[in-house]
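Participant: Predicted model, plus sequence, below.
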Amino acid sequence: MKNIVKILSLFLVVTTVMMSCKKDKDPATADLFVGTYKGSVSYNKDGTSITSQDGKVTVTKVDDTYSFFFGSGIPDIKGVKFEKQDDNTYISIGNGLTGIKINASSLVMLVSNDGATWTANCER
């Protein structure tokens, strides 16, 4: 009986160690760049200009599209898709929503769509 308990205990310890040492997921699949970035942001449309040096952009993901929520009265950008460029840096793709480059530590944006222009140069 003691041998069975020892073997089961050893099996449990080995299983726990192997699971805790499991290889981490690829950061790209872990939504590494979802979160809040801070820095300079701006928006221009039809003579209206909003600029903030202390702005922020909050990035969220639903399914395979991303949304960018700005403070300072700047309209949000929604429904953006990305493709991997290199080393977990992604660039936006799609109609009217190109010009966004993002990774875990920085967000650079120059988007022109429907007569409006959004810019961002942010870090976290």
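Facilitator: Yep, it's here.
Participant: Can you get me a residue count around the closest residue to residue 101 other than its chain neighbours?
Facilitator: Computed as Cβ to Cβ, 6 or more residues apart in numbering, the closest residue to residue 101 that is not its neighbour in sequence is residue 108, at 4.7 Å. Quick note: C-beta positions are derived from backbone N, CA and C, even for glycine. Per other Cβ atoms under 10 Å, the neighbour tally for residue 108 reads 18.
Participant: mind checking the SS state of residue 108?
Facilitator: strand (DSSP: H, G, I helix; E, B strand; the rest coil).
Participant: That one and residue 91, how far apart?
Facilitator: Residue 108 sits 10 Å away from residue 91, going by Cβ to Cβ, to the nearest Å.
Participant: list residues touching both of these two?
Facilitator: Residues touching both residue 108 and residue 91 (Cβ atoms under 8 Å, 6 or more residues apart in numbering): 100, 101.
Participant: Report the contact partners of the closest residue to residue 96 other than its chain neighbours.
Facilitator: Ranked by Cβ to Cβ, 6+ apart and with sequence neighbours excluded, the top spatial neighbour of residue 96 is residue 113, at 3.8 Å. Contacts for residue 113 (Cβ under 8 Å, 6+ apart) come out as 77, 96, 97.
Participant: Also residue 3?
Facilitator: The contact partners of residue 3, by Cβ under 8 Å, 6+ apart, come to none.
Participant: and the helix or strand harbouring it, average pLDDT?
Facilitator: Residue 3 is part of helix 2-20, with elements assigned from DSSP states H and E. Helix 2-20 carries an average pLDDT of 65.
Participant: cool, stretch 81-95 as well?
Facilitator: Mean pLDDT, computed over stretch 81-95, is 87.
Participant: ok so, going back, past the helix holding residue 3, which element shows up next along the chain?
Facilitator: Following helix 2-20 toward the C-terminus (DSSP H and E): strand 35-45.
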